[in-house]
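> let's see this in three dimensions:
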Amino acid sequence: LPMQIVTSGPNSKTEHLKNMLIKMISSARQSVYIQSPYFIPDASYMDACKMALLSGVELRIMIPNKPDHPFVYWATTAAVGELIDYGAKIYTYEPGFLHAKTIVVDQAIASVGTTNIDARSFRLNFEMNSVVYDPHVASELAQLFEEDCLVCERLTAEKYAERSRMIKFKESISRLLSPI
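Here you go, the predicted model:
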């Protein structure tokens, strides 16, 4: 299969993995499916997601409902909450901690690897993803995403608006600290 290995880490001056993921999102014409245990994107990644949504691309993001760290979870929900306003479909994986790190674009290309959507993965950690340029593999990964949706709860704009003031406060603090 046509495949590319992309690495990044603190020894690199360029955020190769972040740039690759942004390029994938920017190239989407129909759909982007993202699974990540940590979704704390920087401004450039958020802008790519927003531009895709404004272009009519269906963006679906799956995050864990059972986080391994509450501050990370609150920063994640703050980020996805912003994307809900643009039309993103957000799913919380209910059975346990979701650790999948995948992106599927237009069921044509896919990336699977170690990269979370956060500053640590983009700048500080050594990470590696494989990008597979094969519609069959991408379709299989999209189907797995769809199957995982069966055990998810959809985070709608209405549900997101019902958060308590305390949760909103925790999200705000976590979002401020997320670059650290």
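> in what helix or strand does the nearest residue to I22 once chain neighbours are set aside lie?
Distances taken as CB to CB, 6 or more residues apart in numbering place A48 nearest to I22, at 4.5 Å, with adjacent residues excluded. No exception for glycine: its C-beta is placed from N, CA and C like everyone else's. Element membership of A48 [criterion: DSSP states H and E] is helix 43-54.
> how about the following helix or strand past that helix as PDB, C-alpha atoms only?
Sequence-wise, the next helix or strand downstream of helix 43-54 (DSSP H and E) is strand 58-64. The C-alpha trace of strand 58-64 is given here as PDB (Å, rounded to 0.1, in the frame of the first residue of the first chain):
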ATOM      1  CA  GLU A  58     -18.500  17.100   7.700                       C
ATOM      2  CA  LEU A  59     -16.200  17.100  10.800                       C
ATOM      3  CA  ARG A  60     -16.800  14.400  13.300                       C
ATOM      4  CA  ILE A  61     -14.600  14.200  16.400                       C
ATOM      5  CA  MET A  62     -14.600  11.400  19.000                       C
ATOM      6  CA  ILE A  63     -13.200  12.000  22.500                       C
ATOM      7  CA  PRO A  64     -13.200   9.900  25.700                       C
END
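> which elements pack onto strand 58-64?
strand 31-35, helix 43-54, helix 70-84, strand 89-93, helix 135-149 (3 or more CB pairs under 8 Å, 6 or more residues apart in numbering; DSSP states H and E).
> just confirm the residue nearest to I22 contacts V32, I think it does.
No - checked against CB atoms under 8 Å, the pair A48 and V32 is beyond contact range at 9.4 Å.
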